[in-house]
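A.B. asks: Fold the following and give me the result.
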Amino acid sequence: MRVGFNPNKDKVLPKSDYTHQVIVPVYIPHQNGYFKDSFQILQLCLESLFKTCHTKTYITVVNNGSCIEVVNYLNQLQQEVKIQEVIHTSAIGKLNAILKGLSGHQFPLITITDADVLFVNHWQKATYEVFEAFPKAGVVSTTPSSKVLKQYTSNVLISNFLSKKLKFTNVVNPNAMAMFAESIGNKDFYKSIHLKKYLTITSKNVSAVIGAGHFVATYRGHVFDKLKNRYTSLALGGASETMFLDKPVNDLGYWRLSTKENYTYHLGNTKENWMDTIFENIVKADGVEDIKLMDNVTSSKIRVFSYNIFYKLLAIKMVWRLFLQFKGLSTAESKLY
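C.D. replies: So this is what the prediction gives:
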């Protein structure tokens, strides 16, 4: 029987000091074959976060059916207060694991990252600069890519169609983009022109690349408040990432942008010497990076629909080439892009 009165009943939780959550879903069922180096890769990923994150960062790791070595490692990190939350589940799939990490929290910014990503200094600062310069930014990636230009970017392209601030500029770090291509096992992922120029937009002396991938990206927290679905039957890939990570941003009228410089590296499943070299050059961050999030988006189903209609016209091959030329590519470059 119950005796007495629970002192926590009707008690309001204190406001969290944390302003930025990082969610890392982890699936390492064993350490053989494809997963032979995955534990080492995970350690690099998390240790790079510990070195680069400011003190108001709340790190959530969702163990999605990993082996006992990973379980023990994550539990130890939580005991050492290096990570704030560990969630252990059976193998429920990447997106379902992310959804568990989102539950029970309310943060202004949420970074969702794969467990094979290496973070370098100033990734948070660079992300915040983009959000502050572009009040319509809904998601910001720290690995720019010229290949995501047409992925859920209709709103930013149509809104700035005539603006001189939307134009092609030189890629800041082509080597990092080439390294990404190698990391996914496809050295020909980028054409030569993709490594030379990407489409950018400028505001308040800050430039950002149009488009954002989702292997590592930072979202406005409230983007996920009205998710229509809380479950996917897919373990990985398919339309799951589109449904949960891409469409919510687009449906609310927000822009998908990336930093011009590269601040995160995709590692893949095989450990290589260059990873240790970059990690060793990371300097331990201290202090807090404050951000003042502005929200300048008003959206509706009609507006989203109209953007998509105009975008279908823009996507016609000849029209698209003319658009690329209008924004700074030569005729020859537009045919290759």
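
A.B. asks: Would you map the helices across the stretch 151-300 of the chain?
C.D. replies: Remark: helices assigned in the stretch 151-300 of the chain by DSSP state H, counting those that start in this stretch are 154-159, 174-183, 240-241, 247-251, 273-280.

A.B. asks: for those helices, which one sits closest to Leu46?
C.D. replies: Judged by Cβ to Cβ, the one of the helices of the stretch 151-300 of the chain that comes nearest to Leu46 is helix 273-280, at 11.3 Å. Glycine gets a C-beta too; all of them are placed from N, C-alpha and C.

A.B. asks: Name the residues of the closest one that are buried.
C.D. replies: Within helix 273-280, the residues that count as buried by 16 or more other Cβ atoms under 10 Å are Met275, Phe279.

A.B. asks: What lies in contact with the next helix or strand after that helix?
C.D. replies: Once the chain leaves helix 273-280, the next helix or strand it forms, by DSSP states H and E, is helix 301-314. By Cβ atoms under 8 Å, 6 or more residues apart in numbering, the surrounding residues in contact with helix 301-314 are Ser154, Asn155, Leu157, Ile158, Asn250, Asp251, Gly253, Val319, Trp320, Phe323.

A.B. asks: can you pull the alpha-carbon coordinates of helix 301-314 into PDB?
C.D. replies: Only the C-alpha atoms of helix 301-314 are listed here, as PDB (Å, rounded to 0.1, in the frame of the first residue of the first chain):
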ATOM      1  CA  LYS A 301       0.100  24.100 -47.000                       C
ATOM      2  CA  ILE A 302      -0.800  26.400 -49.900                       C
ATOM      3  CA  ARG A 303       2.600  28.000 -49.800                       C
ATOM      4  CA  VAL A 304       4.500  24.700 -49.600                       C
ATOM      5  CA  PHE A 305       2.300  23.400 -52.500                       C
ATOM      6  CA  SER A 306       3.100  26.500 -54.600                       C
ATOM      7  CA  TYR A 307       6.800  26.100 -53.900                       C
ATOM      8  CA  ASN A 308       6.700  22.500 -55.100                       C
ATOM      9  CA  ILE A 309       4.800  23.400 -58.300                       C
ATOM     10  CA  PHE A 310       7.300  26.100 -59.200                       C
ATOM     11  CA  TYR A 311      10.200  23.800 -58.300                       C
ATOM     12  CA  LYS A 312       8.900  21.100 -60.700                       C
ATOM     13  CA  LEU A 313       9.100  23.800 -63.500                       C
ATOM     14  CA  LEU A 314      12.600  24.700 -62.300                       C
END
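
A.B. asks: re earlier: who wins for most neighbours among the contacts of helix 301-314?
C.D. replies: The most crowded member of the contacts of helix 301-314 is Asn155, carrying 26 neighbours; neighbours defined as other Cβ atoms under 10 Å.

A.B. asks: returning to that earlier point: same list, the helices of the stretch 151-300 of the chain, but as a markdown table with distance to Tyr128 and mean pLDDT please.
C.D. replies: Listed next are the helices of the stretch 151-300 of the chain as a markdown table, based on distance: least, Cβ to Cβ, whole Å; pLDDT from 0 to 100:
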| stretch | distance to Tyr128 | mean pLDDT |
| --- | --- | --- |
| helix 154-159 | 19 | 92 |
| helix 174-183 | 20 | 97 |
| helix 240-241 | 24 | 72 |
| helix 247-251 | 17 | 86 |
| helix 273-280 | 22 | 97 |
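
A.B. asks: Among these, which comes closest to Ile68?
C.D. replies: Going by Cβ to Cβ, the one of the helices of the stretch 151-300 of the chain nearest Ile68 is helix 273-280, 24.9 Å.

A.B. asks: Does anything pack onto that closest one? Which helices or strands?
C.D. replies: Counting contacts by 3 or more Cβ pairs under 8 Å, 6 or more residues apart in numbering; DSSP states H and E, the secondary-structure elements packed against helix 273-280 are helix 38-52, strand 117-119.

A.B. asks: quick one, it and helix 38-52 angle?
C.D. replies: 20 degrees (axes from the mean of the first three to the mean of the last three Cα atoms, to 10 degrees).

A.B. asks: still on that earlier bit, of the helices of the stretch 151-300 of the chain, which approaches Ala212 most closely?
C.D. replies: Proximity to Ala212, assessed across those by Cβ to Cβ, is greatest for helix 247-251 (8.6 Å).

A.B. asks: what does the closest one contact?
C.D. replies: Among residues not part of helix 247-251, those counted as contacts by Cβ under 8 Å, 6+ apart are 138-139, 152, 154-155, 219, 223-224, 226-227, 256, 299, 304.

A.B. asks: Cool, thanks, talk later.
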